[in-house]
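Q: Sequence first, then the predicted structure, then my questions.
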Protein chains: 2
Amino acid sequence: MMSGLADKVVQGDVRSAARLMRGIEDGDPAAVGALDRLYPCTGRAYIVGITGAPGAGKSTLVDALVGAFRQVGKTVGVVAIDPTSPLSGGAILGDRVRMQQHCNDEGVFIRSLATRGWLGGLSRAAAGVVAVMDAMGKDVIMVETVGIGQQEVDVTRLAVTSLFVLTPDSGDSIQMMKAGILEVADIYVINKADHDGALRTRAELAAMLNHNPGAGCGLEPAIVLTEAVNGTGIAELADSIERHRDFLASHGGLAERLRARAMLELDAAVESALRERVAAALETQTRDQLLEALVQRRISPRRAAAAVMELITVARPD
Amino acid sequence: MMSGLADKVVQGDVRSAARLMRGIEDGDPAAVGALDRLYPCTGRAYIVGITGAPGAGKSTLVDALVGAFRQVGKTVGVVAIDPTSPLSGGAILGDRVRMQQHCNDEGVFIRSLATRGWLGGLSRAAAGVVAVMDAMGKDVIMVETVGIGQQEVDVTRLAVTSLFVLTPDSGDSIQMMKAGILEVADIYVINKADHDGALRTRAELAAMLNHNPGAGCGLEPAIVLTEAVNGTGIAELADSIERHRDFLASHGGLAERLRARAMLELDAAVESALRERVAAALETQTRDQLLEALVQRRISPRRAAAAVMELITVARPD
């Protein structure tokens, strides 16, 4: 049933794609299996990562980029990763109605993912949704995340070209970049460039990036000023992405990035398989007993882990 | 040899503790094993987590808190987790000479850890270093991290009381809190309270926290204004920590937090054991072949992971 879906996806059926993506996000084994059938039909799309703090205007920027790519005849997929609130337990922006101007355009497919659950879970779901869009034949796929933390950084390893979006007033972002916490991007976008301090932010950024000649694989990382709400700078940004792609293709950096992506996919899949194995082997009761023993210091974490490992290998399915 | 170290640590020998911590950070199996011997002697220390963006003044604040705890006769351990630069590869602040006024005080032990390697690696190393300080008999152990990302959030699950430090000018931090990305803390510290906007930040924070009645386990999260550089507000902050501890102890929230800590320790140890197993089973050559097959789309990530799982269970050591 789900493998029938896979065939329809390759034929470009939008409803089947949406159903398959939902299955992937829910961790439905049939959907995950259907991905196997799709996999040989993937690898053609160009993947762009967009990260940045909340409030930087990423969604508006992605929206504007969709328009720019559509104008030159490219089909576009968007995977928007929404932060999950630790308080509400739900995705903050998950059900938002976004990018309404593209909703009647068959060349555009938009999907939100919530960052619930464990690290590998998000990476696997995001990689799966990207693969579905890729198999659908989308030319460009944009993966949009909040650019903080290992989880989000990992997801952007799916991308070949990565953008970091900041605003003239993002003090913490600049601090984090200075401290080396934020990942190196290929293109820095100063959005809301009409706000005070845009030129100072550009100067700070340029000074910082020159201190790091290793960044951007030999190509100086570009800095582009935009006002996404009114489209200013969007054509230049699309152009920058194109130039970065050409640079990588002609200088051999592309293979390295594709390998990094494969490594992410393998790691996520292995972690996922291991977790399934642990969950299957470790009943609630056993887990509660181990935790109780740990709280009471009757067992060390290492010995508790050894007990879990024993269960996994004994519980090996034949 | 390393188990002889463990005995000396329990007797309070500082050089042995430092050696054991280095072994833990390097992942030396003998050191990890020595932790097993220490484990029954732990669980007495009170653990406080301190997070916040770079530049918020966390180190100065921790420094001032060390002084406050020492004044009431408590011994103190500090685990400072330094971000690793993706550019330089080294810890940014790792070799800094910090907290010089405490360096001749035998009641204070300070250790920096770099956030290198994988998620579970940091959690395990931090938990190990905390355990060593605990076994040494430290009354209070402060774990200081940059408060962004799952990695750091996980580490603070070691703490019973958690502080989040921000400044009157931290726009991104406030944005992230609004978006529900930053974890809920028990005590919010507005440091550099002499800067413009401190009262506005307090009002914004208070409004935000009232929207989340679930935060802080029934106790309203406290907001404390400090100027760590000159000690203003530090006594109130130490007092707040004490009150939060008393509240948890009298309202039964303590058990839940200790269980969360045990869960973190178990997860980190299981992940560590699994990674060792995967690394042992998966030779470089096999891994390279799998990655190449993935890049060429000859195999799906799920099937590649299944191959790895097969190796792990077959390679089971008896």
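A: Right, received. Where do you want to start?
Q: just the strands in the stretch 51-200 of chain A please.
A: Under the criterion DSSP state E, counting those that start in this stretch, strands of the stretch 51-200 of chain A are mapped to A:76-82, A:108-114, A:140-144, A:161-166, A:187-190.
Q: Turn those into TSV, including mean pLDDT.
A: As requested, the strands of the stretch 51-200 of chain A are exported to TSV (pLDDT from 0 to 100):
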stretch	mean pLDDT
strand A:76-82	88
strand A:108-114	86
strand A:140-144	94
strand A:161-166	91
strand A:187-190	94
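Q: Redo these as TSV? Include distance to chain B and mean neighbour count.
A: Yep, even glycine has a C-beta here, placed from its N, CA and C like the rest. Written out in TSV, the entries for these read as follows (distance: least, C-beta to the nearest C-beta, whole Å; neighbours: other C-beta atoms under 10 Å in any protein chain shown):
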stretch	distance to chain B	mean neighbour count
strand A:76-82	9	25
strand A:108-114	11	20
strand A:140-144	14	27
strand A:161-166	9	26
strand A:187-190	14	25
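Q: Make TSV out of these and add distance to A:Leu258.
A: As requested, the strands of the stretch 51-200 of chain A are exported to TSV (distance: least, C-beta to C-beta, whole Å):
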stretch	distance to A:Leu258
strand A:76-82	18
strand A:108-114	22
strand A:140-144	14
strand A:161-166	12
strand A:187-190	19
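Q: between those, which gets nearest to B:Val108?
A: Closest to B:Val108 of the strands of the stretch 51-200 of chain A is strand A:161-166 (C-beta to C-beta; 38.5 Å).
Q: Just checking: what are the partner strands of that closest one?
A: The partner list of strand A:161-166 in its sheet, established with DSSP bridges, is strand A:46-51 (parallel), strand A:187-190 (parallel).
Q: The ones you listed: which one's closest to B:Met177?
A: Between B:Met177 and the strands paired with strand A:161-166, the tightest spacing by C-beta to C-beta is seen for strand A:46-51, at 18.4 Å.
Q: And for the closest one, what's in contact with it?
A: When contacts are taken as C-beta atoms under 8 Å, 6 or more residues apart in numbering or on different chains, the neighbours of strand A:46-51 outside the stretch itself are A:58, A:61-62, A:65, A:130, A:139-147, A:152-153, A:155-156, A:158-165, A:183, A:185, A:241, A:245, A:261.
Q: re the thing from before, quick one: closest of the strands of the stretch 51-200 of chain A to A:Arg257.
A: When the strands of the stretch 51-200 of chain A are ranked by proximity to A:Arg257, the top entry is strand A:161-166, at 8.7 Å, counting by C-beta to C-beta.
Q: what angle do the closest one and strand A:140-144 make?
A: Using axes from the mean of the first three to the mean of the last three C-alpha atoms, to 10 degrees, the inter-axis angle of strand A:161-166 relative to strand A:140-144 is 40 degrees.
Q: so how far is strand A:161-166 from its chain's centroid?
A: From the chain centre to the centre of strand A:161-166 is a distance of 12 Å (C-alpha atoms, centre = their mean, to the nearest Å).
Q: go on, stretch A:294-310?
A: Centroid displacement of stretch A:294-310 relative to its chain, using C-alpha atoms, centre = their mean, is 35 Å.
Q: how far does it stretch from start to finish?
A: When the termini of stretch A:294-310 are compared using C-alpha to C-alpha, to the nearest Å, they are 18 Å apart.
Q: Touching it from outside, list them.
A: In this structure, residues lying in contact with stretch A:294-310 by C-beta under 8 Å, 6+ apart are A:278, A:281-282, A:290, A:293, B:32-33, B:35-36, B:39-40, B:42-43, B:124, B:127, B:255, B:258-259, B:262, B:265-266, B:268-270, B:272-274, B:277.
Q: and if we set it to 7 Å?
A: The contact list for stretch A:294-310, computed with C-beta atoms under 7 Å, 6 or more residues apart in numbering or on different chains, reads A:278, A:282, A:290, A:293, B:32, B:35-36, B:39-40, B:42-43, B:258-259, B:262, B:265-266, B:268-270, B:272-273.
Q: Could you do stretch A:236-248 as well?
A: The contact list for stretch A:236-248 (C-beta under 7 Å, 6+ apart) reads A:46, A:48, A:65, A:68-69, A:160-161, A:186-187, A:189, A:217, A:219, A:222, A:224, A:226, A:254, A:257.
Q: Okay, buried residues for that stretch please.
A: Residues of stretch A:236-248 classed as buried: A:237-238, A:240-241, A:244-245, A:247-248 (neighbour count, 16 or more other C-beta atoms under 10 Å in any protein chain shown).
Q: Alpha carbons of that stretch, in PDB - could you do that?
A: C-alpha atoms of stretch A:236-248 as PDB (Å, rounded to 0.1, in the frame of the first residue of the first chain):
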ATOM      1  CA  GLU A 236      21.000  39.100  -5.400                       C
ATOM      2  CA  LEU A 237      20.500  36.400  -2.800                       C
ATOM      3  CA  ALA A 238      19.300  33.900  -5.300                       C
ATOM      4  CA  ASP A 239      22.200  34.800  -7.400                       C
ATOM      5  CA  SER A 240      24.600  34.200  -4.500                       C
ATOM      6  CA  ILE A 241      23.200  30.800  -4.000                       C
ATOM      7  CA  GLU A 242      23.700  30.000  -7.700                       C
ATOM      8  CA  ARG A 243      27.300  31.300  -7.600                       C
ATOM      9  CA  HIS A 244      28.100  29.200  -4.600                       C
ATOM     10  CA  ARG A 245      26.700  26.100  -6.300                       C
ATOM     11  CA  ASP A 246      28.800  26.800  -9.400                       C
ATOM     12  CA  PHE A 247      31.900  27.300  -7.300                       C
ATOM     13  CA  LEU A 248      31.500  24.000  -5.500                       C
END
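Q: starting at the chain centroid, how far to that stretch?
A: Going by C-alpha atoms, centre = their mean, the spacing between the C-alpha centre of stretch A:236-248 and its chain's C-alpha centre is 19 Å.
Q: tell me the mean pLDDT for that stretch?
A: Over the span of stretch A:236-248, the pLDDT mean works out to 94.
Q: on that earlier part again, restrict the contacts of stretch A:294-310 to the buried ones and give me that as a ChimeraX selection.
A: Of the contacts of stretch A:294-310, the buried ones go into a single ChimeraX selection, burial set by 16+ other C-beta under 10 Å:
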select /A:278,282,290,293 /B:32,35,39,42,258,262,265,266,268,269,270,272,273
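Q: A:Gly57: what's its closest spatial neighbour, skipping adjacent residues?
A: Sequence neighbours aside, A:Asn191 is the residue nearest to A:Gly57 in space, at 4.5 Å (criterion: C-beta to C-beta, 6 or more residues apart in numbering or on different chains).
Q: By residue count, tell me the biggest helix in chain A.
A: If each helix of chain A is counted by residues according to DSSP state H, the longest one is helix A:253-281.
Q: Cool, thanks, talk later.
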